[in-house]
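Enquirer: All I have is the shape, not the residue letters:
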């Protein structure tokens, strides 16, 4: 075997292992997705909203740019202004349309809602964002949360988070300037 081929094979195996290690248990990514990253963000500037009647707030936020993950962890502090979610790119340079984002969580609000949905598309040329941000006190429900993208009944991606008391991950609450809520 040629030495460069053996090295290329070792690099490929390393990349596959590294990709597997970066995924958390419970994550799913279909072959329709080229790349997927999940994590936690500090609240970006909201520049508008889109109607989202199948959400408690009735809208989704529009932001400019791509917020950076402050952590790739899955424990999210239940603090206003913290967000979490997924950045994904469709495979093959082809955009995916008619995608529905399902966010599931413990019972929230007066109606005890456990699932919110909104439409989106996943770009084949850029990262697309599927984020949830805590804007209202009623959203600060602790427990398991999932963000899932579905197209025509097929799961494109699925990511799991755990929303916890801020004291369990004080470094994340503090990095966004919310440490006053930890007392």
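Expert: Received it, and whenever you're ready, just let me know what you need. Computed from a predicted structure; not experimentally measured. Numbering: from 1, shown residues only.

Enquirer: hey, let's count contacts and neighbours off CA atoms from now on
Expert: Will do.

Enquirer: Excluding chain neighbours, what is closest to the one residue sitting closest to the centre of the chain?
Expert: Nearest to the mean C-alpha position of the chain, counting by Cα atoms, centre = their mean, stands residue 85 at 1.5 Å. Using Cα to Cα, 6 or more residues apart in numbering and skipping the chain neighbours, the partner closest in space to residue 85 is residue 131 (4.2 Å).

Enquirer: next helix or strand past the helix or strand containing the one you found?
Expert: Residue 131 belongs to strand 128-133 when assigned by DSSP states H and E. Following strand 128-133 in sequence order, the next helix or strand is strand 143-151 (DSSP H and E).

Enquirer: related to what we said a few turns ago, measure the residue nearest to residue 85 to residue 43 for me?
Expert: Distance from residue 131 to residue 43, counting by Cα to Cα, to the nearest Å: 10 Å.

Enquirer: Quickly list what's touching both of these two.
Expert: Taking Cα atoms under 8 Å, 6 or more residues apart in numbering as the contact rule, residue 131 and residue 43 both touch residue 83.

Enquirer: Report the rounded mean pLDDT for the helix or strand where the residue nearest to the centre of the chain lies.
Expert: Per DSSP H and E, residue 85 falls inside strand 82-90. Mean pLDDT, computed over strand 82-90, is 97.

Enquirer: List the buried residues of that strand.
Expert: Residues 82, 83, 84, 85, 86, 87, 88, 89, 90 are the ones in strand 82-90 that count as buried (16 or more other Cα atoms under 10 Å).

Enquirer: In the sheet, which strands lie alongside it, parallel or antiparallel?
Expert: strand 33-42 (antiparallel), strand 128-133 (antiparallel) (DSSP bridges).

Enquirer: Tell me the first helix or strand C-terminal of the longest one.
Expert: From strand 33-42 onward toward the C-terminus, using DSSP H and E, the following helix or strand is strand 46-51.

Enquirer: Quickly run through the sheet partners of that following strand, with directions.
Expert: Sheet pairing for strand 46-51, using DSSP bridges, gives strand 59-63 (antiparallel).

Enquirer: Distance from the chain centre to the strand it pairs with, please.
Expert: Strand 59-63 sits 15 Å away from the centroid of its parent chain (Cα atoms, centre = their mean, to the nearest Å).

Enquirer: Please, which helix or strand holds residue 97?
Expert: In the assignment (DSSP H and E), residue 97 maps to strand 96-108.
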